[in-house]
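Engineer: What follows is a predicted protein model with its sequence.
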Amino acid sequence: MAAQTKAKPKTKKTAGTKAKSKTTTASKAKPKAKAKPATKSPVKKAKTATASKTATKAKKVAKPKVETKLEPVKLPHPSETMAVKKKAYDAVLALWVAYKKEPQRRDLRNQLVELYQPIVRRLAERIKSTLPDGVELDDMISAGVFGLMDAIDAFDLERGVKFETYCTQRIRGSIIDELRAMDWVPRLIRHKASQLEATKKELTAKLGRPPEVRELANYLGLTISETEKIIYETNAVALTSLNRHKYDSDSSKAMSEIDRLEDKKSDDPTGRAQKNDVMRLVTKGLSRNEKLIVILYYYEELTMKEIGLTLDLSESRVSQMHSTIVNRLKGLLKEREPEFAA
């Protein structure tokens, strides 16, 4: 009985506690349901995202980036005052600083190229003075401008070096590279040609005459066949362009080499006049057939047989008349020999 009486209140407690816990959980759940925020639909989220993107784009468009424009800059002349020089150098430095901050701006780079372009022309003219006339100055200047642009891109302001000193080597190297690319003769052949030319000058000064191949071979320490091979290879170096201007005529018109070439197919008026004088001298005092034999044989270059058919004579008769004419002319010219000698 005692055990039964003790068990009953336990069941009551558990029931009561269960009821209490249900009421407390219910009371707690109600305010949570009230505090739960309303979730947005995916369509509304997409609209808000697109609206924010358009707003940011509008802000970017509304504030365009303004580029700073600099006034044209010129290097100062050495004769100008120190104040003017300082102002000009400050403007050049400002141009360099602006370009290094914005290297993508072509207008700033073009200003720098125009500013230092006289250096390119001066170096090109100096190199041109040591080259043959066939090399064009404009081609060298174009190659030097590319070297100047590379120097502008690679120049570092923080090193404290003058740009004129730095760009000189780059421009000179660019011009020399272009000349080597334009030259169709290998550098080794050019070196052999210069060495052979120096040897010829030295031996000519010693011997007082142009040296022979054997003497060149002994001086260079080569065999005759090797020396002849070098001479054959270096002959290509002496070729010149027909468009090269040789000199100016009296009319101040430049003449090229092609204008001075002899046209062997054209008729030489001086030679024609000399031939006519000789023909008159030779045929003087001859008969008609004898004159025709001389003209047809020496001027028209016909054979004895062809001359005989033309004059209706035999070949032997034409040969006999020709021998007689030659002997007569020898005697005539011998009498007038003092006249020709004078």
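Structural biologist: Great, that's in hand.
Engineer: CA atoms only: put stretch 309-320 into PDB for me.
Structural biologist: Provided in PDB are the C-alpha atoms of stretch 309-320 (Å, rounded to 0.1, in the frame of the first residue of the first chain):
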ATOM      1  CA  LEU A 309      76.900  39.700-157.400                       C
ATOM      2  CA  THR A 310      76.000  43.300-156.700                       C
ATOM      3  CA  LEU A 311      78.400  44.800-159.300                       C
ATOM      4  CA  ASP A 312      78.000  41.900-161.800                       C
ATOM      5  CA  LEU A 313      81.700  40.900-161.400                       C
ATOM      6  CA  SER A 314      83.400  37.700-160.500                       C
ATOM      7  CA  GLU A 315      84.800  37.100-157.100                       C
ATOM      8  CA  SER A 316      88.400  36.900-158.300                       C
ATOM      9  CA  ARG A 317      88.000  40.200-160.100                       C
ATOM     10  CA  VAL A 318      86.600  41.900-157.000                       C
ATOM     11  CA  SER A 319      89.600  40.600-155.000                       C
ATOM     12  CA  GLN A 320      92.000  41.800-157.600                       C
END
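Engineer: And it, what's buried?
Structural biologist: Going by neighbour count (16 or more other C-beta atoms under 10 Å), the buried part of stretch 309-320 is 311, 313, 318-319. For glycine as for every other residue, the C-beta is placed from the backbone atoms N, C-alpha and C.
Engineer: out of those residues, what pair is the most spread apart?
Structural biologist: Among the buried residues of stretch 309-320, the pair separated by the greatest distance (C-beta to C-beta) is Leu311 and Ser319, at 12.5 Å.
Engineer: how close does Ser194 get to Phe163?
Structural biologist: 35 Å (C-beta to C-beta, to the nearest Å).
Engineer: Mind checking which of these two has more residues around it?
Structural biologist: Phe163 (18 against 12; other C-beta atoms under 10 Å).
Engineer: Give me the phi and psi angles of the nearest residue to that one once chain neighbours are set aside.
Structural biologist: In this structure, Phe163 finds its nearest non-sequential neighbour in Phe155, 5.8 Å apart by C-beta to C-beta, 6 or more residues apart in numbering. Main-chain torsions, Phe155, degrees, to the nearest 10: phi -70, psi 140.
Engineer: same check, this time on Leu216
Structural biologist: Phi and psi for Leu216, reported as degrees, to the nearest 10, are phi -60, psi -40.
Engineer: With the one 4 residues further on instead?
Structural biologist: Listed backbone geometry of Leu220 is phi -80, psi -10, with angles given as degrees, to the nearest 10.
Engineer: Remind me which helix or strand the closest residue to Leu222 other than its chain neighbours belongs to.
Structural biologist: Distance criterion C-beta to C-beta, 6+ apart; nearest residue to Leu222, sequence neighbours excluded, is Ile230 at 7.6 Å. Using DSSP states H and E, Ile230 maps to helix 224-234.
Engineer: hmm, who's touching that helix?
Structural biologist: 189, 192-193, 196, 213-214, 216-217, 220, 222 (C-beta atoms under 8 Å, 6 or more residues apart in numbering).
Engineer: what do you get for stretch 279-289?
Structural biologist: Contacting residues not belonging to stretch 279-289 are listed as 290-291, 294-295, 299, 311, 313, 321, 325, 329 [C-beta under 8 Å, 6+ apart].
Engineer: mind listing the helices for the stretch 151-300 of the chain?
Structural biologist: 163-182, 187-207, 213-220, 224-234, 269-282, 288-294 (DSSP state H, counting those that start in this stretch).
Engineer: Dump those into TSV; add distance to Asn110 and mean pLDDT as well.
Structural biologist: Formatted as TSV, those follow (distance: least, C-beta to C-beta, whole Å; pLDDT from 0 to 100):
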stretch	distance to Asn110	mean pLDDT
helix 163-182	16	90
helix 187-207	35	87
helix 213-220	53	89
helix 224-234	45	86
helix 269-282	59	78
helix 288-294	79	87
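Engineer: Please produce TSV containing these, extended by distance to Glu335.
Structural biologist: Listed next are the helices of the stretch 151-300 of the chain as TSV, based on distance: least, C-beta to C-beta, whole Å:
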stretch	distance to Glu335
helix 163-182	65
helix 187-207	47
helix 213-220	49
helix 224-234	51
helix 269-282	13
helix 288-294	19
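Engineer: so where's the stretch 1-150 of the chain uncertain?
Structural biologist: Counting by pLDDT under 70, the stretch 1-150 of the chain contains low-confidence ranges at 1-72, 74, 76-80, 134.
Engineer: Among the contacts of stretch 279-289, name the buried ones.
Structural biologist: Buried members of the contacts of stretch 279-289, scored by 16+ other C-beta under 10 Å, are 290-291, 294, 311, 313, 321, 325, 329.
Engineer: for those, which one is nearest Cys167?
Structural biologist: Out of these, the member with the shortest distance to Cys167 (by C-beta to C-beta) is Val294, at 77.5 Å.
Engineer: just to revisit the earlier point, quick one: which of the contacts of stretch 279-289 is nearest Ile141?
Structural biologist: Tyr299 (58.0 Å).
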